[in-house]
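K.L.:
here's my sequence, what's the structure:
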Amino acid sequence: MTERLGFSGRVARQFLQTEITPLLALLGLLLGLFAIAVTPREEEPQIDVTFANVFIPFPGASAR
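P.N.:
The predicted model follows:
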């Protein structure tokens with residue numbers, strides 16, 4: 001393999017060649033499931049939605 005790889009290519013090749021990659025993938029999956037399990041949930045959360053109305057005068061313009 002004589003082609004030149006950039007930084008991301010070298011990192012990808014290293015992950016493809018090492019045996020710890022499946023373990024890291026499993027760890028990431030378990031951490032994601034743990035995060036879902038411990039995130040608090042409410043049946044009806046009170047969410048404040050802020051918004052603004054912007055009015056710009058345009059004298060002489062029709063509604064169309």
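K.L.:
tell me which stretches of the chain form helices.
P.N.:
Per DSSP state H, the chain carries helices over the ranges 7-17, 21-38.
K.L.:
would CSV of those with mean neighbour count, mean pLDDT and distance to Pro57 be doable?
P.N.:
C-beta: built from backbone N, CA, C; applies to glycine. Formatted as CSV, those follow (neighbours: other Cβ atoms under 10 Å; pLDDT from 0 to 100; distance: least, Cβ to Cβ, whole Å):
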stretch, mean neighbour count, mean pLDDT, distance to Pro57
helix 7-17, 10, 91, 52
helix 21-38, 10, 96, 49
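K.L.:
check Thr2 and give its pLDDT.
P.N.:
Per-residue confidence (pLDDT) for Thr2: 55.
K.L.:
save the helices of the chain as CSV, and put in distance to Ile47 too.
P.N.:
Converted to CSV, the helices of the chain look like this (distance: least, Cβ to Cβ, whole Å):
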stretch, distance to Ile47
helix 7-17, 38
helix 21-38, 20
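K.L.:
how about those helices, which one is nearest Gln46?
P.N.:
Proximity to Gln46, assessed across these by Cβ to Cβ, is greatest for helix 21-38 (20.9 Å).
K.L.:
list of residues touching the closest one?
P.N.:
Phe15 (Cβ atoms under 8 Å, 6 or more residues apart in numbering).
K.L.:
report the angle between it and helix 7-17.
P.N.:
Calculated by axes from the mean of the first three to the mean of the last three Cα atoms, to 10 degrees, helix 21-38 forms an angle of 100 degrees with helix 7-17.
K.L.:
using PDB, write down the CA coordinates of helix 21-38.
P.N.:
This file holds the C-alpha atoms of helix 21-38, laid out as PDB (Å, rounded to 0.1, in the frame of the first residue of the first chain):
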ATOM      1  CA  THR A  21     -12.000  -1.800  18.300                       C
ATOM      2  CA  PRO A  22     -14.900  -4.100  19.000                       C
ATOM      3  CA  LEU A  23     -14.400  -3.600  22.800                       C
ATOM      4  CA  LEU A  24     -14.500   0.200  22.300                       C
ATOM      5  CA  ALA A  25     -17.700  -0.100  20.200                       C
ATOM      6  CA  LEU A  26     -19.300  -2.200  22.900                       C
ATOM      7  CA  LEU A  27     -18.300   0.300  25.500                       C
ATOM      8  CA  GLY A  28     -19.800   3.100  23.500                       C
ATOM      9  CA  LEU A  29     -23.100   1.200  23.100                       C
ATOM     10  CA  LEU A  30     -23.200   0.400  26.800                       C
ATOM     11  CA  LEU A  31     -22.500   4.000  27.800                       C
ATOM     12  CA  GLY A  32     -25.300   5.200  25.400                       C
ATOM     13  CA  LEU A  33     -27.800   2.700  27.000                       C
ATOM     14  CA  PHE A  34     -26.700   3.900  30.500                       C
ATOM     15  CA  ALA A  35     -27.200   7.500  29.500                       C
ATOM     16  CA  ILE A  36     -30.700   6.700  28.200                       C
ATOM     17  CA  ALA A  37     -31.500   4.800  31.400                       C
ATOM     18  CA  VAL A  38     -30.400   7.600  33.800                       C
END
